[in-house]
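> This is a predicted model, with the sequence first.
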Amino acid sequence: MSEHNDSPVNIGELSERLAGDNDLLDQVIELFEGSYPQLLSDMDDAIASRNAENLRRSAHTLKGMVSNLGGEMLAQAAFEIEEMGREEVFDDIELKTDRVKELLDQFRTALREVRFPS
(Lines give C-alpha, C1' and ligand atoms only; values in the text may rest on other atoms or scores of the structure.)
Protein backbone atom coordinates (compact mmCIF):
# COMPACT_ATOMS: atom_id res chain seq x y z
CA MET A 1 0.00 0.00 0.00
CA SER A 2 1.39 3.39 -0.90
CA GLU A 3 1.84 6.39 1.32
CA HIS A 4 0.72 8.82 -1.39
CA ASN A 5 -2.08 11.31 -0.90
CA ASP A 6 -4.48 9.19 -2.97
CA SER A 7 -4.29 6.36 -0.44
CA PRO A 8 -7.09 6.28 2.14
CA VAL A 9 -4.46 5.89 4.90
CA ASN A 10 -1.26 7.90 5.27
CA ILE A 11 0.84 4.99 6.47
CA GLY A 12 3.90 7.08 7.23
CA GLU A 13 1.94 9.37 9.52
CA LEU A 14 0.16 6.44 11.16
CA SER A 15 3.44 4.60 11.73
CA GLU A 16 4.94 7.69 13.31
CA ARG A 17 1.94 8.18 15.61
CA LEU A 18 2.00 4.55 16.72
CA ALA A 19 5.79 4.15 16.74
CA GLY A 20 5.47 1.31 14.22
CA ASP A 21 3.80 -0.91 16.84
CA ASN A 22 1.50 -3.47 15.15
CA ASP A 23 -0.05 -4.56 18.46
CA LEU A 24 -1.00 -0.97 19.21
CA LEU A 25 -2.31 -0.63 15.66
CA ASP A 26 -4.57 -3.64 16.19
CA GLN A 27 -5.91 -2.14 19.43
CA VAL A 28 -6.55 1.24 17.83
CA ILE A 29 -8.33 -0.35 14.87
CA GLU A 30 -10.51 -2.35 17.28
CA LEU A 31 -11.43 0.82 19.17
CA PHE A 32 -12.19 2.63 15.92
CA GLU A 33 -14.34 -0.22 14.62
CA GLY A 34 -16.32 -0.16 17.85
CA SER A 35 -16.82 3.61 17.80
CA TYR A 36 -17.49 4.81 14.27
CA PRO A 37 -20.93 3.17 13.76
CA GLN A 38 -22.41 5.25 16.58
CA LEU A 39 -20.96 8.41 15.07
CA LEU A 40 -22.56 7.63 11.71
CA SER A 41 -25.85 6.93 13.44
CA ASP A 42 -25.56 10.21 15.34
CA MET A 43 -24.89 12.06 12.09
CA ASP A 44 -27.88 10.44 10.40
CA ASP A 45 -30.10 11.28 13.37
CA ALA A 46 -28.87 14.88 13.39
CA ILE A 47 -29.62 15.22 9.70
CA ALA A 48 -33.08 13.72 10.07
CA SER A 49 -33.91 16.09 12.93
CA ARG A 50 -32.00 19.03 11.39
CA ASN A 51 -29.96 19.33 14.59
CA ALA A 52 -26.96 21.33 13.42
CA GLU A 53 -25.05 21.15 16.72
CA ASN A 54 -25.28 17.35 16.93
CA LEU A 55 -24.24 17.13 13.28
CA ARG A 56 -21.25 19.37 13.94
CA ARG A 57 -20.24 17.41 17.04
CA SER A 58 -20.47 13.94 15.51
CA ALA A 59 -18.65 15.03 12.32
CA HIS A 60 -15.96 16.71 14.43
CA THR A 61 -15.44 13.54 16.48
CA LEU A 62 -15.24 11.38 13.36
CA LYS A 63 -12.80 13.84 11.80
CA GLY A 64 -10.53 13.64 14.84
CA MET A 65 -10.62 9.86 15.00
CA VAL A 66 -9.73 9.29 11.37
CA SER A 67 -7.20 12.11 11.33
CA ASN A 68 -5.33 10.38 14.16
CA LEU A 69 -5.32 7.21 12.07
CA GLY A 70 -3.91 8.85 8.94
CA GLY A 71 -7.24 9.18 7.12
CA GLU A 72 -6.63 12.56 5.53
CA MET A 73 -9.24 12.42 2.74
CA LEU A 74 -11.91 11.11 5.08
CA ALA A 75 -11.01 13.71 7.70
CA GLN A 76 -11.43 16.46 5.10
CA ALA A 77 -14.85 15.13 4.08
CA ALA A 78 -15.92 14.96 7.73
CA PHE A 79 -14.63 18.51 8.23
CA GLU A 80 -16.92 19.71 5.42
CA ILE A 81 -19.90 18.21 7.24
CA GLU A 82 -18.69 19.69 10.52
CA GLU A 83 -18.63 23.13 8.87
CA MET A 84 -22.12 22.61 7.48
CA GLY A 85 -23.31 21.87 11.00
CA ARG A 86 -21.50 24.91 12.35
CA GLU A 87 -23.15 27.08 9.68
CA GLU A 88 -26.52 25.29 10.07
CA VAL A 89 -26.58 24.45 6.36
CA PHE A 90 -28.30 21.24 5.32
CA ASP A 91 -28.31 21.76 1.54
CA ASP A 92 -26.86 18.66 -0.16
CA ILE A 93 -25.96 17.17 3.22
CA GLU A 94 -27.03 13.72 2.08
CA LEU A 95 -24.50 13.88 -0.76
CA LYS A 96 -21.79 14.86 1.69
CA THR A 97 -22.64 12.06 4.12
CA ASP A 98 -22.80 9.55 1.28
CA ARG A 99 -19.28 10.65 0.33
CA VAL A 100 -18.11 10.23 3.93
CA LYS A 101 -19.57 6.73 4.05
CA GLU A 102 -17.89 5.82 0.76
CA LEU A 103 -14.54 7.13 1.96
CA LEU A 104 -15.06 5.39 5.30
CA ASP A 105 -15.48 2.03 3.55
CA GLN A 106 -12.24 2.61 1.61
CA PHE A 107 -10.46 3.78 4.75
CA ARG A 108 -11.54 0.76 6.80
CA THR A 109 -10.42 -1.64 4.07
CA ALA A 110 -7.04 0.07 3.74
CA LEU A 111 -6.57 0.32 7.50
CA ARG A 112 -7.07 -3.42 7.98
CA GLU A 113 -4.28 -4.05 5.45
CA VAL A 114 -1.70 -1.90 7.24
CA ARG A 115 1.25 -3.74 8.76
CA PHE A 116 4.36 -1.93 9.92
CA PRO A 117 7.74 -3.53 9.13
CA SER A 118 9.23 -5.45 12.06
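That came in fine, so what should we check first? Numbers count the residues shown, from 1 in each chain.
> And the pLDDT for the residue nearest in space to the middle of the chain?
A centroid search over the chain (C-alpha atoms, centre = their mean) returns residue 66, at 3.7 Å, as the residue closest to the centre. Looking at residue 66, its pLDDT stands at 97.
> Can you give the distance of the helix or strand hosting residue 12 from its chain's centre?
Per DSSP states H and E, residue 12 falls inside helix 11-17. The chain centroid and the centroid of helix 11-17 are separated by 16 Å under C-alpha atoms, centre = their mean, to the nearest Å.
> what pLDDT does residue 6 get?
Residue 6 carries a pLDDT score of 77 in this model.
> Point out where this protein drops to low pLDDT.
The model of the chain has pLDDT under 70 over residues 1-5.
> Which other helices and strands does the longest helix seen in it contact?
Identified as the longest helix of the chain according to DSSP state H is helix 22-49. With contacts defined as 3 or more C-beta pairs under 8 Å, 6 or more residues apart in numbering; DSSP states H and E, helix 22-49 has these neighbours: helix 52-68, helix 93-113. (Each C-beta comes from the backbone N, C-alpha and C, glycine too.)
> And the longest one, what's buried?
Translated: helix 93-113. 93, 96, 97, 99, 100, 103, 104, 107, 108, 110, 111 (16 or more other C-beta atoms under 10 Å).
> That one to helix 52-68, inter-axis angle?
Angle of helix 93-113 versus helix 52-68, following axes from the mean of the first three to the mean of the last three C-alpha atoms, to 10 degrees, is 30 degrees.
> hmm, back to that, buried residues, the longest helix of the chain. List them.
Across helix 22-49, burial judged by 16+ other C-beta under 10 Å covers 25, 28, 32, 36, 39, 42, 43, 46, 47.
> Tabulate those residues in CSV, adding columns for distance to residue 117.
CSV is the format used below for the buried residues of helix 22-49 (distance: C-beta to C-beta, whole Å):
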residue, distance to residue 117
25, 12
28, 18
32, 22
36, 27
39, 31
42, 37
43, 36
46, 41
47, 42
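> Return the closest of these with respect to residue 61.
The shortest approach to residue 61 among the buried residues of helix 22-49 belongs to residue 39, at 5.7 Å (C-beta to C-beta).
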